[in-house]
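Visitor: Predicted model, plus sequence, below.
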Amino acid sequence: MQNKNHEQWSISLWSPYNCHFLTFWRWRIMAINWYPGHMHKAKKEIREVLTQVDVLIELLDARIPFSSGNPMVPGLREDKPMLKILNKSDLADPDATRHWLAHLNQEAGTKAVALSQKQAGSTNDILKHCQSMVATRGTAEKPLRVLILGIPNVGKSTLINNLAGRVIAKTGNEPAVTKTQQRIKITDSITLFDTPGFLWPKLEPEASGYRLAATGAVKNTIYEAEDVALFAAEYLLEQYGLALQNRYELGSLPATGIELLDAIAARRGCLRKGGLADLNKVSNLFLNELREGALGGITLETPELVAREGAELEVQKQVAAEKKAARKAGARNKSGRAPRK
């Protein structure tokens, strides 16, 4: 069943969160990147509006708190206080969410809270948290000015509507629904600045791109469902084996992600002629159930895991830089002159 256009490779990552090795089978495909023109415009607009706001809200996906955090934000933020909200916490592993909150609350000038917008009244304290971070504003004369940031499809528009108590922002279960900046008067003492959800030009490390795709943060036209499903399947086999067994009524856990998808295909009738698994069909089924929470609370990364991935990425960049320097030096020695840049 292996796609011959893909090269299969593996790496092992040790996670202190569960104290054993995690093995991922990666598929060499084009890196998952999605940066439409309106996202470039959004970044420029955020730079401009930052001078007018007092506090920032960054809405994160509780299932991928690191991967859903925009690495451009620290550079844009300067010294503004920030409230980080782990949204969709009802879809995440509660133990992992507590672990992430403890980690994020160690950041200077940052307060982190979990949120499930499906629970009535769950957004009531959000503006109170913002107010507590900027005590000098929040009156009719000096309204508290709040900028809300978040990647596509993280639930930003739903949060704005809940905070305002009325439908203001367009919502949808597709990324990039909001495409223009909005200034919203929540109360006489609070003004909210909304911006389009935007990603960044290059998703790093590579695993973050897969996690964003697995949770539906990027359009499904820029990745292969099979690749993303295999990535998620391997992680879930290591971390959430019992949830997989219960959901798909498996007598025993398969050894690999591809075997898991084969087993699910057999159980759900995702088959082609001859009884072979329809990998595309079962991959989409698996990803949809993961996104909808049918497998239970799932979190796809831990602080320790992303720290290790970040360290590995830096090593890779260093090796690449050294190879590039060596090639330039070789070309210089061969020609007797400096090569063109």
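Guide: Sure thing, it's come through. Residues are numbered from 1 along each chain as shown.
Visitor: The most centrally placed residue in the chain in helix, strand or coil?
Guide: The residue lying closest to the centre of the chain (C-alpha atoms, centre = their mean) is Ser68, at 2.9 Å. With DSSP: H, G, I helix; E, B strand; the rest coil as the basis, Ser68 sits in coil.
Visitor: now it: how far from Val154?
Guide: 6 Å (C-beta to C-beta, to the nearest Å). Every residue, glycine included, has its C-beta placed from N, CA and C.
Visitor: Just give me the neighbour total for Thr221.
Guide: 6 (other C-beta atoms under 10 Å).
Visitor: residue boundaries of the strands in the stretch 151-300 of the chain?
Guide: 182-187, 190-194 (DSSP state E, counting those that start in this stretch).
Visitor: May I have the strands that pair with the shortest one, each with its orientation?
Guide: Using DSSP bridges, the strands paired with strand 190-194 are strand 144-150 (parallel), strand 182-187 (antiparallel).
Visitor: any idea which of those strands is most buried?
Guide: strand 144-150 (a mean of 25; mean count of other C-beta atoms under 10 Å).
Visitor: which residues are in contact with that one?
Guide: 46, 49-50, 52-60, 68, 70, 73, 87, 127, 130-131, 134, 137-138, 156, 159-160, 189-195, 197 (C-beta atoms under 8 Å, 6 or more residues apart in numbering).
Visitor: Now, the residues you listed that are in helices?
Guide: Members of the contacts of strand 144-150 lying in helices (criterion: DSSP state H): Ile46, Val49, Val73, Leu127, Cys130, Gln131, Lys156, Leu159, Ile160.
Visitor: Report the buried residues of the helix ranked longest in the chain.
Guide: What stands out as the longest helix in the chain, according to DSSP H, is helix 303-335. Under the neighbour-count criterion of 16 or more other C-beta atoms under 10 Å, helix 303-335 has Pro303, Glu304, Leu305, Val306, Arg308, Glu309 buried.
Visitor: For Ala233, state which of those is nearest.
Guide: Nearest to Ala233 among the buried residues of helix 303-335 is Leu305, at 16.7 Å by C-beta to C-beta.
Visitor: What residues does Glu204 make contact with?
Guide: With C-beta under 8 Å, 6+ apart, Glu204 has these contacts: Leu313.
Visitor: burial count for Glu48?
Guide: If you count neighbours by other C-beta under 10 Å, Glu48 ends up with 9.
Visitor: same thing with Pro94?
Guide: Residues near Pro94, counting by other C-beta under 10 Å: 13.
Visitor: Mind pulling up the pLDDT for it?
Guide: pLDDT recorded at Pro94 is 98.
Visitor: can you pull the contacts of it?
Guide: Contacts of Pro94 (C-beta under 8 Å, 6+ apart): Gly297.
Visitor: Quick check: phi and psi at it.
Guide: In terms of degrees, to the nearest 10, the main-chain angles of Pro94 are phi -60, psi -40.
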